[in-house]
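> Structure for this input, please:
(one chain, ligands or ions: 1)
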Amino acid sequence: MDYAYPKGHVFYRKLERVYPLATHGDGIYLYDETGKRYIDGSGGALVVNIGHGRKEILHGMAEQMGRLGYVHGTQFTTRSIEEYAEALEKVLPEGLDKIYFLSGGSESIETAIKFARQYFWDSEQAQRWRVIARWHSYHGNTLGALSLTGRIGMRKPYIPLLLDFPHFLPPYCYRCPFNLSYPRCELECAKALEHLIRVEGPETISAVILEPIGGATIGALVPPEGYLSMIREICDRFGIFLIDDEVMTGMGRTGRWFAVEHWDIAPDIMVLGKGMSGGYFPLSAMITRSEFVERLKERTGGFVHGHTFSHHPVACAVGLAVLRFIEQRRLIEQCPGKGDYLLKRLEELKTFPFIGDVRGKGMMTAIEFVRDQKTKEPFPRSERFTERVIDLAFENGLVLYPGTGFVDGINGDMAMVGPPLIIEEYQIDEIIEILKKTFSKIPESGLNK
Ligand SMILES: Cc1ncc(COP(=O)(O)O)c(C=O)c1O
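As a prediction, this is how the structure comes out:
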């Protein structure tokens, strides 16, 4: 393919990559300037929940932009901000009723850890500031968020800049870190959190943060039954906040508005991003309970935080239009059925010898690649298996989202399949056909040798 970019002054995210120029999108499809069609099989980075080219969103956004494009978050509010908050609160888990609007997932994670810190500062527990996260997690790339992120490769160059946040291992049943199996394991991986809290000093910990379903680093990792409620119970016992990072899983992606609802867990803080705007505008949020916000108001007088683009009126107009779209099209109601169909079809791919595991929930799924299906031996990182699969699929017109390094910090290969929720069954079949075509080329291209 005769791609022409980069050619100028854009500092692109991938310095080696030759970029096609995307011109437009329609539903689950993207098109480049040569007219080539791609299925957006991962909705970017599991962002595009409602599909591309939705005129309904354009109308909501343009209407707000035409009237008022910007006010500063310390000076004015707008109808779009108020109305979006009202509508969002109605679908949030009970008790989560104060919404701080921001622009990106990492920014909202920073906001959450600062909020937790200030809450304890204002509660005469100023020694509580450290947040416990999990290895092989993803919470963002800014320094606070990266200190939480358990993706070794991304942390490595920046270790001297990171905060002292402890980590524990995730409930990775396919390769149980404790060599046990569910349910006989009695959730040893969740109990490890209690041990870590005791070792680190409970009085120093403000919060535990986790993705309810592991995302960009480990690939659609659904926890076993009882895991999240045990984590919640441990947090309660030590008076520690539970921060629910739903940046990827939120807004219907897994078949409920929020993934914690599958297990009926009530977090103290929730973080949203990605699907809030479906990619149409930078938008995210940190959400908590009124009573916690009241504490800050009574003591310090406010939340010592804020950004130029917090509480953006146009972003909120987009968020509201996206939320209405999700409701009107009943996307969340349809998601579990479509998700089951997607998983069932992905399971068929296990006939390829390098497919180790297929997992996920709703429209958040992943395929883990292994060198040996029986022993689960991963490919050595030097083979760049994931990258090659992703490139081949891209050539075949299917966009997937890669993840590596989750087995031991270096090895581990997976690709996420997370198309827009509007996808139809025949389009899931199209994805499977392209995956089969891609996988069948793999031995020819010298992989798996
Ligand atoms: C669970 C989770 N949290 C946080 C982030 C960071 O969001 P952003 O890339 O918008 O900063 C991501 C991004 O992939 C994510 O998946």
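
> residues in contact with the residue nearest the centre of the chain?
Note on the chain: the residue nearest the mean C-alpha position is residue 248, at 2.4 Å, using Cα atoms, centre = their mean. Shown in contact with residue 248 (Cβ atoms under 8 Å, 6 or more residues apart in numbering): 45-46, 138, 211, 213, 215-216, 273-274, 364. For glycine as for every other residue, the C-beta is placed from the backbone atoms N, C-alpha and C.

> I'd like the distance between it and the ligand.
Distance, residue 248 to the ligand, using Cβ to the nearest ligand atom, to the nearest Å: 4 Å.

> Doesn't that residue lie inside a strand?
No - using DSSP: H, G, I helix; E, B strand; the rest coil, the assignment for residue 248 is coil, not a strand.

> what's the closest non-adjacent residue to it?
In this structure, residue 248 finds its nearest non-sequential neighbour in residue 215, 4.1 Å apart by Cβ to Cβ, 6 or more residues apart in numbering.

> How about the residues of the stretch 1-150 of the chain by the ligand?
Contact residues, the stretch 1-150 of the chain versus the ligand (Cβ under 6 Å from any ligand atom): 45, 104-106, 109, 138-140.

> Select from these every entry located in helices.
Taking DSSP state H, the ones among these that sit in helices are 45, 105-106, 109.

> Just among the residues you listed, which is most surrounded?
Highest neighbour count within those: residue 109, with 31 neighbours (other Cβ atoms under 10 Å).

> quick one: the strands in the stretch 1-150 of the chain?
Counting by DSSP state E, counting those that start in this stretch, one finds strands in the stretch 1-150 of the chain at the ranges 22-26, 29-32, 37-39, 98-102, 130-134.

> Just put those in a markdown table and tack on mean neighbour count and mean pLDDT.
Output for the strands of the stretch 1-150 of the chain, formatted as a markdown table (neighbours: other Cβ atoms under 10 Å; pLDDT from 0 to 100):
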| stretch | mean neighbour count | mean pLDDT |
| --- | --- | --- |
| strand 22-26 | 13 | 98 |
| strand 29-32 | 18 | 98 |
| strand 37-39 | 18 | 98 |
| strand 98-102 | 23 | 98 |
| strand 130-134 | 24 | 98 |
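
> And the ones you listed: which comes nearest residue 220?
Nearest to residue 220, of all these, is strand 130-134, at 15.0 Å by Cβ to Cβ.

> How much space separates the residue nearest to residue 248 from residue 260?
Separation of residue 215 from residue 260 (Cβ to Cβ, to the nearest Å) stands at 14 Å.

> Which one of these two is surrounded by more residues?
Per other Cβ under 10 Å, whichever of residue 215 and residue 260 has more neighbours is residue 215, with 29 against 24.

> does residue 419 sit in a helix or strand, and which one?
Assigned by DSSP states H and E, residue 419 falls within no helix or strand.

> can you count the residues close to it?
Residues near residue 419, counting by other Cβ under 10 Å: 28.

> for it, what are its contacts?
By Cβ under 8 Å, 6+ apart, the residues touching residue 419 are 28, 39-43, 342, 363, 427-428, 431.

> what's the answer for residue 247, then?
With contact set as Cβ under 8 Å, 6+ apart, residue 247 has these partners: 105, 108-109, 139-140, 211, 215, 271-274, 284.

> what's residue 407 sitting at in phi/psi?
Dihedral pair for residue 407: phi -80, psi -50, per degrees, to the nearest 10.

> wouldn't it be in contact with residue 177 here?
No - under the criterion of Cβ atoms under 8 Å, residue 407 makes no contact with residue 177, lying 10.4 Å away.

> Now do the same contact list for the spatially closest residue to residue 409 that is not a sequence neighbour.
Closest residue in space to residue 409, ignoring its immediate chain neighbours: residue 152 at 3.7 Å, by Cβ to Cβ, 6+ apart. By Cβ under 8 Å, 6+ apart, the contact list for residue 152 reads 135, 405, 409-410.

> hang on, residue 96 packs against residue 271?
No - Residue 96 is beyond contact range of residue 271, at 10.9 Å (criterion: Cβ under 8 Å).

> what touches both of these two?
Counting by Cβ under 8 Å, 6+ apart, the common neighbours of residue 96 and residue 271 are residue 287.

> Name the residue in those two with the higher neighbour count.
Neighbour count, other Cβ under 10 Å: between residue 96 and residue 271, residue 271 has more, with 32 against 20.

> quick one: that one from the ligand, how far?
In this view, residue 271 and the ligand are 7 Å apart by Cβ to the nearest ligand atom.

> The host helix or strand of that residue: partners in the sheet, and parallel or antiparallel?
For residue 271, the element it lies in under DSSP H and E is strand 269-272. Pairing partners of strand 269-272, with direction, according to DSSP bridges: strand 241-245 (parallel), strand 284-288 (antiparallel).

> send the alpha carbons of that strand over as CSV?
Extracted in CSV, the C-alpha atoms of strand 269-272 (Å, rounded to 0.1, in the frame of the first residue of the first chain):
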residue,chain,number,x,y,z
ILE,A,269,-15.0,6.8,43.3
MET,A,270,-15.6,6.0,39.6
VAL,A,271,-13.5,7.2,36.7
LEU,A,272,-15.0,7.4,33.1
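
> wait, doesn't residue 142 sit right on residue 106?
Yes - using Cβ under 8 Å, residue 142 makes contact with residue 106 at a distance of 4.3 Å.

> Including mean neighbour count, mean pLDDT and distance to residue 294, could the strands paired with strand 269-272 go into CSV?
As requested, these are exported to CSV (neighbours: other Cβ atoms under 10 Å; pLDDT from 0 to 100; distance: least, Cβ to Cβ, whole Å):
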stretch, mean neighbour count, mean pLDDT, distance to residue 294
strand 241-245, 27, 99, 15
strand 284-288, 28, 98, 11
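
> mind listing what the residue in the chain that the ligand sits nearest to touches?
Residue nearest to the ligand within the chain (Cβ to the nearest ligand atom): residue 105, separated by 2.1 Å. The neighbours of residue 105, taking Cβ under 8 Å, 6+ apart as the test, are 139-140, 145, 247, 271, 273-274, 284.

> Just to check, residue 287 is in contact with residue 98?
Yes - counting by Cβ under 8 Å, residue 287 does reach residue 98; the two are 6.7 Å apart.
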